[in-house]
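> Predicted coordinates and the sequence they were generated for:
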Amino acid sequence: MIKFTLACDAGHNCEGWFGNSEEFDAQLARDLVSCPVCGSLKVEKALMAPSVSTSRTRTKIQEKINVATVNESRQAMFAELKEMRDKITANAEDVGEKFPEEARKIHYGESEERGIYGEASAEDVKDLVEEGVKIAPLPVLPEDKN
């Protein structure tokens, strides 16, 4: 498609989209092109500035490409995190609010060693880390917040 700036004999300007220059000429010859303001059939192409790709235009296009690439990478990352979290939760025991207590029991050999997950406050996490208990947070994904 090509966009032409058009002008009628009464001095009105408008834009028209055509498949190519020959299509414009053919429609004009069959009186299919008219001024949208006054209806005049005496319409011709007006002088137009060429569409030139500037560095600003190229930068905007590149920014759109970069955003699309980042979005795809982000979606792939979240998919991998979800897969990892699902694998962990499928192979570990959910101990809920008893997580700090159970993690300590495992760490000090008071309970059998096994994978667990659950809930802990920021203070409990700090205390567990200071005690040397090896813990890691499960990834929180965008859909978890909805």
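Looks like it came in fine. Numbering: from 1, shown residues only.

> What is the neighbour count of L28?
By other CB atoms under 10 Å, the residues close to L28 number 19. In this view, the C-beta of every residue, glycine as well, is placed from N, C-alpha and C.

> actually V129, not the one I wrote
Counted with other CB under 10 Å, V129 comes out at 11.

> Confirm for me that it is in contact with I135.
Yes - with contact defined as CB atoms under 8 Å, V129 reaches I135; the gap is 7.0 Å.

> Would you indicate which residues of the worst-scoring helix or strand of the chain on mean pLDDT are buried?
Every helix and strand of the chain was ranked by mean pLDDT, DSSP states H and E. The lowest is helix 55-90, at a mean of 81. Buried residues in helix 55-90, counted by 16 or more other CB atoms under 10 Å: R85.

> quick one: strands adjacent to the very next helix or strand once past it?
As assigned by DSSP states H and E, the chain's next helix or strand after helix 55-90 is strand 93-96. In the sheet, strand 93-96 lines up against strand 116-118 (parallel) (DSSP bridges).

> what does the strand it pairs with rub up against?
88-89, 92-99, 102-103, 106, 138 (CB atoms under 8 Å, 6 or more residues apart in numbering).

> now that we have those residues, which one has the most neighbours?
Busiest of the contacts of strand 116-118 [other CB under 10 Å] is A103, holding 23 neighbours.

> surely that residue meets V129?
No - checked against CB under 8 Å, the pair A103 and V129 is beyond contact range at 10.6 Å.

> okay, and the common contacts of these two?
I135.

> domains of the protein?
2-45, 92-137 (automatic domain parsing).

> For the ones you listed, please prepare CSV with the additional fields distance to Q75 and mean pLDDT.
Shown next, in CSV, are those (distance: least, CB to CB, whole Å; pLDDT from 0 to 100):
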stretch, distance to Q75, mean pLDDT
domain 2-45, 35, 91
domain 92-137, 21, 96
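
> right, so of the ones you listed, which gets closest to V67?
Nearest to V67 among those is domain 2-45 (26.0 Å), distances taken as CB to CB.
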